[in-house]
Structures are given as C-alpha cells and as structure tokens.
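K.L.:
heads up, no residue letters with this:
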C-alpha cells in the first residue's frame with residue numbers, strides 16, 4: 001500500500017488499541033495488541049509519518065533508530081541483587097531499566113501524555129548480539145526485564161533485504177505476532193503531500209513528467225545509485241534557501257541529494273531551463289495582468305516540456321498566494337478565539353486588576369500552551385509559526401496599550417476589536433489579490449491555448465493543489481467551473497500529459 005494508506009492504517013490501529021470498554025479496560029487486551037511493522041524502501045516517509053500521527057492523534061512519541069544502540073543500552077546494565085530463596089541468601093543478576101523504556105516514562109513525566117507510540121526504526125538491521133533482544137521486544141513487548149507501559153503502541157520500521165545488506169529475516173514465530181504493513185512508493189500520493197508541504201515547484205513539475213525518477217534504487221558494478229522521496233524533499237528545501245542566498249544549484253549540488261548520476265544530471269538541466277523560462281516569460285507580470293501577444297505566441301509554439309514548465313510556474317505562484325491566504329485565515333481564527341476570551345462580561349476578569357492585566361495573563365497562558373505542545377512534540381512547524389505569529393500580535397497590542405496608558409476593560413476590548421478589524425482587512429486584501437491573480441492566469445491561458453488540452457492540465461493542477469482547492473471552495477471563479485465541466489469529464493491527468501507529449505515529440 002502507499003504511505004498515505006499506511007498512515008491511516010496506523011491511526012486506525014491506535015484508535016482500536018486505545019479504545020476502552022465500559023469497565024475502563026482496553027477493548028483489545030494488551031497481549032493481543034500486535035506491534036505494527038512497516039516494511040518498505042528507504043526514504044519514502046515511514047519515519048516522517050510517525051510525527052504526523054503523533055500530532056494528529058495528540059499522543060506522545062518516543063523514537064529510536066535501533067542500529068545506534070548496543071545490547072546494553074537496549075536492555076539495561078546487569079547488577080547483583082541479594083535475594084532469599086528457601087531461607088538462603090542468593091546473588092541474582094538483575095538489569096537496570098532500559099534507556100528506551102526509561103525514555104517513555106520520561107515522556108509521560110514531562111508531558112502528562114500517558115498514551116503514545118514507541119517507534120523503533122531499522123529494526124531488522126541490528127547487530128547479531130542485539131537481534132534476540134529485538135525478537136523478544138516484538139514478541140513480548142519488553143526490553144530485558146522491563147515491559148513497555150500500557151497505552152504505548154509499538155510501531156517498528158525496516159527495509160527489505162534488497163535495499164540493505166545488513167537486513168535480518170524474522171522467523172515465523174515473530175511474524176505471527178506482528179501486524180505487517182508493506183509500503184511502496186507512490187508518486188500521486190507524494191505529489192498530494194508535496195503540494196501541501198510546499199515542495200519546490202520545479203521538482204513537482206519535473207517528476208510529473210519523469211515519474212520513473214521519483215523513487216529509483218539500483219545496484220550497479222559501480223555501487224548503489226538511488227533517488228528517493230526523502231532526497232527530493234531535502235533538495236527542495238536547499239533550493240529554496242539557495243534562491244534566497246542567490247546561489248546556484250547545479251549538477252554537483254543536486255548529486256549530493258539525488259545520488260543517481262543520470263537522474264541528477266537530468267534534473268539539473270531541467271532546473272536550469274526552469275529558471276530560464278521563469279525569466280523569459282515573466283510569470284509575475286502575467287499574474288499582474290501584463291499579457292503580451294508575443295509571449296503567448298511563443299508559448300503556443302513551444303515544446304511540451306517548456307509549456308508544462310510555464311504552467312507549473314503559474315500554478316506555483318498562485319499556490320504561494322493561496323498558501324499565504326490560508327495562513328492568514330488560520331491566524332485570524334486563532335486571534336478570534338483568543339480575543340473572544342477578552343469580551344467584557346465573558347468571565348474571568350475578577351482575578352485581574354484591569355483589562356490590560358487580564359490580556360497579559362492571556363498572552364502568558366498562550367505562551368505556556370505553546371511551550372507545552374513544543375515539549376510534547378505536538379506542534380508541526382506550520383502550527384508553531386501560527387502560535388508565534390499570534391503571540392507577536394498579542395505582544396504588540398499590549399505594548400500599544402501601555403504606551404497609550406489604556407488599562408480598563410472596555411477600552412482594551414475596543415482596541416482588540418480594532419486590531420482584529422485590521423487583520424481582517426489584510427486577509428480580505430490577500431483574498432482579492434489571489435482572485436485577481438487567478439483571473440489573470442486564465443486570461444493568459446486563454447490567450448495562449450484557448451480551450452485546448454493545455455487548459456485541461458492547468459485545471460487539473462488547480463484541482464490537485466492543496467491550497468488551490470481550499471481557495472476555490474471560497475471563491476466562485478466562473479471560468480474555473482466552466483472549463484472544469486467542459487474539459488475534464490472523467491479524464492486522468494497522466495492520460496492527458498501523455499497525449500500532449502506524444503503530439504509534440
């Protein structure tokens with residue numbers, strides 16, 4: 001199955017394992033809660049989804065790459081304990097608590113989360129001395145003499161033997177005690193994630209045409225050659241930063257992440273052309289309403305790859321705007337929730353000397369909430385930025401109130417209403433800007449292609465973009481719905497791309 005389905009399966013498993021009956025006991029007894037074992041190629045997101053699952057399920061996460069551990073760190077160190085048996089004193093070997101089990105109790109202590117996931121990565125690549133411990137772990141949910149606390153679900157991950165020469169096969173006894181999930185690379189699913197995660201548009205558009213290069217691992221006489229989803233995502237982040245620094249991403253840089261010489265060279269060449277098209281076609285001018293006939297004619301006569309790259313540039317710029325709008329909307333929602341607590345007569349004011357003191361208490365509470373969620377690992381990077389942005393707004397409002405010597409409840413509330421109105425105006429301005437850019441994009445597409453198959457690709461891009469779909473649920477774009485009905489029908493994007501490509505070979 002693909003990584004998206006695997007994620008849902010694990011979330012469903014967690015919900016089932018943590019469900020309790022009317023007596024407060026787990027509906028599935030702990031002894032029947034099989035550990036989940038994810039098996040699949042490296043770099044497809046097995047580790048990454050664990051953080052997402054933890055955050056979405058609001059449970060703890062303790063993660064270990066077991067190949068970094070020795071037998072002693074996994075099961076604990078031996079020590080001598082004196083015990084009495086049949087009236088005689090005996091020396092007995094005991095073990096200190098495993099570092100891994102202790103980490104679970106530390107997580108419970110620091111976060112208060114009594115339920116969570118213990119994730120063990122590369123579980124089938126351990127040393128010979130540690131292998132029996134891993135079998136015991138999967139079969140009995142223990143490290144040494146210490147059992148994993150109830151409420152903590154075991155999830156492990158490993159690579160098939162064709163990807164790692166250190167892999168050890170599990171015996172039937174172990175396999176019969178686990179819940180096995182086989183995971184495979186799936187570009188359409190990754191593309192859906194990439195759109196929401198802001199993967200560089202050059203990578204998305206390149207892989208859209210060269211899907212065979214998305215996840216490729218080969219063994220040659222010269223060694224391993226590979227390109228993985230993890231490599232593409234990490235390269236994307238580097239490209240973004242290099243663009244801001246004004247540095248060049250050439251073949252030598254790409255090879256550091258895409259360790260497959262042919263694919264790295266191919267993408268480096270594509271990226272160079274991508275930047276050239278960005279400069280030649282001046283996409284920002286197009287979305288600003290400047291549409292030149294010469295540019296439209298040039299694109300209409302251009303090869304398939306060039307057309308697709310320009311459409312990808314258009315969609316990328318639009319999605320940047322849609323993403324900023326979504327961020328503003330979530331900040332507004334957060335501010336509305338916080339400011340609503342300051343409404344006069346909403347309760348809680350008696351504990352404070354003034355409205356300003358109450359607002360300062362609210363800001364301190366919001367900061368404490370963020371710190372708790374950070375420590376518990378319950379905040380994604382995007383959510384953390386939302387907390388930081390709203391905290392900054394609160395601090396600026398408090399600073400302004402102090403400067404104007406405003407402290408009473410009613411005047412403080414009036415200032416909060418004004419601040420919310422200003423933020424709402426910013427949101428409305430961004431919404432209007434996104435609407436205008438989308439209309440200009442349609443102007444350009446119509447001028448260059450009319451209602452051709454290229455328009456189908458453009459519409460399909462809007463339909464599959466995470467933030468564009470969200471925007472189009474709010475903005476009624478007449479031409480989008482017109483072309484969506486008249487052109488797409490039940491067509492699949494890849495069929496369309498193949499037809500266009502074959503027509504221009």
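P.N.:
The structure has been received and is ready for your questions. Keep in mind that this is a model prediction, so the values were computed, not measured.
K.L.:
Would you list the phi and psi of residue 250?
P.N.:
When quoted as degrees, to the nearest 10, the phi and psi of residue 250 stand at phi -110, psi -170.
K.L.:
Which of the helices or strands spans the closest residue to it other than its chain neighbours?
P.N.:
Closest residue to residue 250 apart from its sequence neighbours, by C-beta to C-beta, 6 or more residues apart in numbering: residue 268 at 5.9 Å. For every residue, glycine as well, the C-beta is placed using N, CA and C. Element membership of residue 268, judged by DSSP states H and E, is helix 261-281.
K.L.:
buried set for that helix?
P.N.:
In terms of neighbour count (16 or more other C-beta atoms under 10 Å), helix 261-281 has its buried residues at 263, 264, 266, 267, 268, 270, 271, 274, 277, 278, 281.
K.L.:
ok, and what's touching that helix?
P.N.:
For helix 261-281, contacts defined as C-beta atoms under 8 Å, 6 or more residues apart in numbering pick out 202-203, 205-206, 210, 213, 216, 225, 227, 239, 249-251, 253-255, 258, 295, 299, 305-306, 309-310, 312-313.
K.L.:
do that again at 6 Å, thanks
P.N.:
Helix 261-281 has contacts (C-beta atoms under 6 Å, 6 or more residues apart in numbering) with 202, 206, 213, 227, 250-251, 254-255, 258, 295, 309-310, 313.
K.L.:
ranges for the strands of the stretch 51-200 of the chain?
P.N.:
For the stretch 51-200 of the chain, the strands defined by DSSP state E, counting those that start in this stretch occupy 60-65, 78-85, 88-95, 116-121, 142-143, 146-147, 152-158, 179-182.
K.L.:
Now find how far off-centre the helix holding residue 268 is within its chain.
P.N.:
Helix 261-281 sits 26 Å away from the centroid of its parent chain (C-alpha atoms, centre = their mean, to the nearest Å).
K.L.:
Averaged pLDDT, it. What do you get?
P.N.:
The average pLDDT within helix 261-281 is 90.
K.L.:
Next, the contact list for residue 230, please.
P.N.:
Residue 230 neighbours (C-beta under 6 Å, 6+ apart): residue 43.
K.L.:
Which strands and helices lie in contact with the biggest helix by length in the chain?
P.N.:
As assigned by DSSP state H, the longest helix anywhere in the chain is helix 409-449. For helix 409-449, the packing partners by 3 or more C-beta pairs under 6 Å, 6 or more residues apart in numbering; DSSP states H and E come out as helix 283-287, helix 293-301, helix 304-340, helix 355-376, helix 453-464.
K.L.:
again, 10 Å this time
P.N.:
Judged by 3 or more C-beta pairs under 10 Å, 6 or more residues apart in numbering; DSSP states H and E, the packing partners of helix 409-449 are helix 283-287, helix 293-301, helix 304-340, helix 355-376, helix 381-403, helix 453-464, helix 466-472, helix 478-483.
K.L.:
Indicate which one of those helices is closest to residue 221.
P.N.:
helix 304-340 (31.8 Å; C-beta to C-beta).
K.L.:
buried sites along that closest one?
P.N.:
Using 16+ other C-beta under 10 Å as the test for burial, helix 304-340 gives 304-319, 321-323, 325-332, 334-335, 338-339.
K.L.:
Show the average pLDDT along it.
P.N.:
89.
K.L.:
swap in stretch 431-446?
P.N.:
93.
K.L.:
domains for the chain, by residue range?
P.N.:
Listed domain ranges for the chain are 3-184, 197-281, 283-505 (source: automatic domain parsing).
K.L.:
As JSON lines, those domains with distance to residue 190 would be great.
P.N.:
JSON lines is the format used below for the domains of the chain (distance: least, C-beta to C-beta, whole Å):
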{"stretch": "domain 3-184", "distance to residue 190": "8"}
{"stretch": "domain 197-281", "distance to residue 190": "5"}
{"stretch": "domain 283-505", "distance to residue 190": "12"}
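K.L.:
so who does the residue nearest the centre of the chain touch?
P.N.:
By C-alpha atoms, centre = their mean, the chain has its centre lying nearest to residue 197, at 6.0 Å. Contact partners of residue 197, counting by C-beta atoms under 10 Å, 6 or more residues apart in numbering, are 48, 190, 233, 236, 237, 381, 382, 466.
K.L.:
now swap in residue 470 and tell me
P.N.:
So residue 470 contacts 196, 322, 323, 325, 326, 329 (C-beta under 10 Å, 6+ apart).
K.L.:
Go again with 6 Å.
P.N.:
Residue 470 is in contact with residue 326, counting by C-beta under 6 Å, 6+ apart.
K.L.:
Likewise for residue 63?
P.N.:
Counted by C-beta under 6 Å, 6+ apart, residue 63 has contacts residue 119.
K.L.:
Now with 7 Å, please.
P.N.:
For residue 63, the contacting residues are 50, 119, 121, by C-beta atoms under 7 Å, 6 or more residues apart in numbering.
K.L.:
Then residue 16?
P.N.:
residue 28.
K.L.:
Taking strand 152-158 as reference, get the angle to whichever strand or helix holds it.
P.N.:
Using DSSP H and E, residue 16 sits within helix 3-18. Counting by axes from the mean of the first three to the mean of the last three C-alpha atoms, to 10 degrees, helix 3-18 lies at 150 degrees to strand 152-158.
K.L.:
Direction included, what does whichever helix or strand comes after helix 3-18 pair up with?
P.N.:
Downstream of helix 3-18, the first helix or strand assigned by DSSP H and E is strand 36-39. Paired neighbours of strand 36-39 in the sheet (DSSP bridges): strand 152-158 (parallel), strand 179-182 (parallel).
K.L.:
Dihedrals phi and psi, residue 130?
P.N.:
phi -90, psi -20.
K.L.:
Next, the contact list for the most far-flung residue of the chain relative to its centre, please.
P.N.:
Most distant from the centre of the chain: residue 87, at 60.6 Å, with distances by C-alpha atoms, centre = their mean. Counting by C-beta under 7 Å, 6+ apart, residue 87 makes contact with nothing.
K.L.:
And it, how far from residue 93?
P.N.:
21 Å (C-beta to C-beta, to the nearest Å).
K.L.:
Name the nearest residue to residue 47, sequence neighbours excluded.
P.N.:
Residue 47 sits nearest to residue 121 (C-beta to C-beta, 6+ apart), 5.7 Å away.
K.L.:
Neighbours of the one you found, how many?
P.N.:
20 (other C-beta atoms under 10 Å).
K.L.:
ok, it touching residue 65?
P.N.:
Yes - because the distance of 4.6 Å satisfies C-beta atoms under 7 Å, residue 121 is recorded as touching residue 65.
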